[in-house]
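J.: Quick one, structure for this:
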Amino acid sequence: MNLWNIAYRSVKQRRLASILTSISMALGVTLVVAVLTISGVVKTSFETSTSLGYNMVVGAKGGALQLTMNSVFYLSEPIENISYEYYLEFLPLEQRQAVYENSYTYQAVSQQDELRNVVISTTAATGGLASSITQEILNDHLDQQLEQVLPWKRQGKFSAFTGLVIPLCLGDYFGTFRVIGTTPALFNELKYGPQADRQYTFAEGHNFVTHSEEHGFYEAVVGATVAREMNLTLGSEIQPSHGAQSGEVHATAFTVVGILDSTGTPNDRGVFINIEGFYLMDDHAKPVDQEEDFQGVEVDKTAPNGLTLENREITSMLLLTDNPIFAPSLENTINEANTAQAVFPIKEISILFDSFVDPARDLLLVITILVCLVSAVSILVSIYNTMSERRKEIAILRSLGARRNTVMFIIMIESFILSAFGGILGFICGHSLITLGSDAIEGRTGISIGFFEFAPPLGMNPETIMGSISPELMIIPGMILLSVVAGILPAISAYRTDVSQSL
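T.: Just a heads-up that it's a prediction; the model follows:
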């Protein structure tokens with residue numbers, strides 16, 4: 001009979017004590033696995049999610065972290081809104097003109113221009129050539145002045161630094177999921193992934209459009225998680241609730257025309273609707289007194305361009321600078337003014353983890369390691385307390401020819417069996433615990449963690465062993481080392497057993 005069989009039989013003989021000892025070790029390992037995996041995966045997912053193809057978020061003045069959590073991860077509540085005109089300052093001339101054409105201001109100026117042209121034509125017809133020349137000079141001078149005053153006659157003041165800008169309107173829910181009003185560019189032009197080089201693809205359907213013949217302004221795209229949990233298919237209708245999960249349900253319904261492939265980002269848990277339809281829902285338009293402010297100018301609010309400009313606001317915008325070198329100066333320019341604030345999502349998430357999450361994780365790790373050490377001590381005590389009962393057993397082994405070293409190795413193998421069994425059991429229990437709590441984790445963070453999700457490397461030098469593999473994979477070797485340490489004292493006691501006194 002080999003040493004392993006002898007050790008196993010010894011452990012089996014004291015079945016209850018052995019099981020309780022292994023369970024104490026398993027509890028410690030369960031906590032280590034849970035803490036490492038949840039904190040590691042969540043941190044990695046948050047850091048990866050901030051590489052969604054943009055490097056800046058612009059929104060109302062307030063908490064920078066709140067703006068990041070709200071606009072990037074759809075977790076916090078919106079701060080305030082910013083004017084749509086401010087968003088247009090990031091657009092080039094052609095796009096600004098297209099939007100301003102559907103505004104009270106543009107229509108009012110256009111009507112005044114028509115009246116001015118009538119006056120000029122009449123004056124030229126009655127006043128001769130000199131009067132015509134005078135009016136032409138005045139008209140050119142007025143046009144030059146208008147180019148300086150009227151916003152649709154100039155480039156946006158930030159457009160030269162902007163590569164891509166996407167507006168977001170937040171505040172509504174569909175079940176437990178956030179509803180985001182945005183433009184088709186979010187999925188047509190924006191990339192995602194660690195290198196921001198992956199194009200959004202659709203498991204079913206296609207991206208929504210600004211205006212379709214079939215559904216008008218009311219089209220929606222849903223993330224993979226939303227489609228799965230809410231049992232949505234192409235053609236399903238979505239009626240958002242206003243302001244909160246339990247808020248009043250809007251009468252307006254959006255038709256699902258696309259279901260995103262899973263991306264592993266917060267967008268999996270988003271309901272994305274056409275921003276033009278978002279504005280046309282009840283209580284979403286900004287009140288404007290057109291009689292007082294725009295001399296009663298009438299503008300069709302349901303024109304092909306959607307709601308009039310003056311009635312629009314946005315929650316925030318995702319901004320990709322034309323060149324990363326412009327980002328710091330653009331951030332300073334925006335933040336120095338009183339209109340909005342600009343934040344770097346990666347920076348804010350790093351501050352959050354460095355200041356709060358990592359210290360809390362480290363504290364939990366210290367506690368769980370102490371639990372493992374206490375478990376190791378319990379193994380030591382469990383085996384050591386049996387030594388007085390086993391002296392006769394050890395003496396018989398010695399009398400049958402077993403050497404002192406052999407007896408010592410048997411005791412250390414017993415310690416190893418108890419530790420290894422507890423470690424493996426804790427490893428399985430830890431991942432089972434994560435799986436059971438995955439819905440709660442996903443509900444609060446938007447991040448899905450499965451049974452086979454391992455803790456990522458600790459962020460050390462990737463060229464070293466500790467920096468390139470999951471710390472979970474070091475648990476079993478750690479248990480072996482711990483078992484050796486825990487079994488040393490009982491093994492020495494067995495080594496010193498006097499055969500003549502024990503028989």
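
J.: What distance do you get for residue 416 to residue 375?
T.: 14 Å (Cβ to Cβ, to the nearest Å). Every residue, glycine included, has its C-beta placed from N, CA and C.

J.: Of those two, give the one with the bigger neighbour count.
T.: Using other Cβ atoms under 10 Å, the more surrounded residue of residue 416 and residue 375 is residue 375, with 27 against 21.

J.: Just say helix, strand or coil for the more buried one.
T.: Put simply, residue 375 is helix when judged by DSSP: H, G, I helix; E, B strand; the rest coil.

J.: next one: residue 181
T.: Following three-state DSSP, residue 181 is assigned to strand.

J.: Touching, it and residue 279? I think so.
T.: Yes - if you go by Cβ atoms under 8 Å, residue 181 and residue 279 touch, sitting 7.4 Å apart.

J.: any shared contact partners between those two?
T.: Common neighbours of residue 181 and residue 279 (criterion: Cβ atoms under 8 Å, 6 or more residues apart in numbering): residue 169.

J.: Neighbour count: these two, which is higher?
T.: Taking other Cβ under 10 Å, residue 181 and residue 279 do not tie; residue 181 has more neighbours (26 against 22).

J.: and the nearest residue in space to the more buried one that is not next to it in sequence, backbone torsions?
T.: Spatially, and ignoring its direct neighbours in sequence, residue 181 is nearest to residue 278 (3.0 Å; Cβ to Cβ, 6 or more residues apart in numbering). Dihedral angles phi and psi of residue 278 (degrees, to the nearest 10) take the values phi -60, psi -40.

J.: I figured residue 278 hits residue 169, correct?
T.: Yes - counting by Cβ under 8 Å, residue 169 is a contact partner of residue 278 at 5.0 Å.

J.: and those two? which has more neighbours close in?
T.: Between residue 278 and residue 169, counting by other Cβ under 10 Å, residue 278 is the more crowded of the two (28 against 22).

J.: how about low-confidence regions in the stretch 51-200 of the chain?
T.: Where the stretch 51-200 of the chain drops to pLDDT under 70, the residues are 51, 108, 110-149.

J.: Tell me which stretches of it form strands.
T.: 56-59, 82-83, 162-174, 177-182, 191-192, 198-199 (DSSP state E, counting those that start in this stretch).

J.: Could you dump the ones you listed into CSV with distance to residue 95 added?
T.: Shown next, in CSV, are these (distance: least, Cβ to Cβ, whole Å):
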stretch, distance to residue 95
strand 56-59, 17
strand 82-83, 16
strand 162-174, 10
strand 177-182, 16
strand 191-192, 21
strand 198-199, 22
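
J.: what's the closest of these to residue 244?
T.: Residue 244 lies closest, by Cβ to Cβ, to one member of the strands of the stretch 51-200 of the chain: strand 162-174, at 6.5 Å.

J.: Who are the packing partners of the closest one?
T.: Under the contact criterion of 3 or more Cβ pairs under 8 Å, 6 or more residues apart in numbering; DSSP states H and E, strand 162-174 touches helix 64-72, helix 84-88, strand 177-182, helix 185-188, helix 275-280, strand 313-314, strand 316-321.

J.: Using CSV, write down the CA coordinates of that strand.
T.: What follows is strand 162-174 as a C-alpha-only set of coordinates in CSV (Å, rounded to 0.1, in the frame of the first residue of the first chain):
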residue,chain,number,x,y,z
THR,A,162,-14.4,67.5,-34.0
GLY,A,163,-14.1,64.2,-35.8
LEU,A,164,-17.5,62.8,-34.7
VAL,A,165,-20.2,63.9,-32.3
ILE,A,166,-23.3,62.0,-31.3
PRO,A,167,-26.1,63.5,-29.1
LEU,A,168,-27.8,61.5,-26.3
CYS,A,169,-31.2,62.2,-24.7
LEU,A,170,-31.8,60.2,-21.5
GLY,A,171,-34.4,60.0,-18.8
ASP,A,172,-36.9,57.3,-19.9
TYR,A,173,-37.0,53.5,-19.2
PHE,A,174,-38.3,50.3,-20.8
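
J.: quick check, distance from that strand to the centre of its chain.
T.: 15 Å (Cα atoms, centre = their mean, to the nearest Å).

J.: Would you mark the buried spots in it?
T.: Using 16 or more other Cβ atoms under 10 Å as the test for burial, strand 162-174 gives 162, 164-174.

J.: avg pLDDT for the host helix or strand of residue 347?
T.: Element membership of residue 347 [criterion: DSSP states H and E] is helix 345-352. For helix 345-352, the mean pLDDT works out to 84.

J.: wait, which of the helices and strands packed on strand 162-174 is closest to residue 380?
T.: Residue 380 sits nearest to helix 64-72 of all the helices and strands packed on strand 162-174, at 46.4 Å, using Cβ to Cβ.
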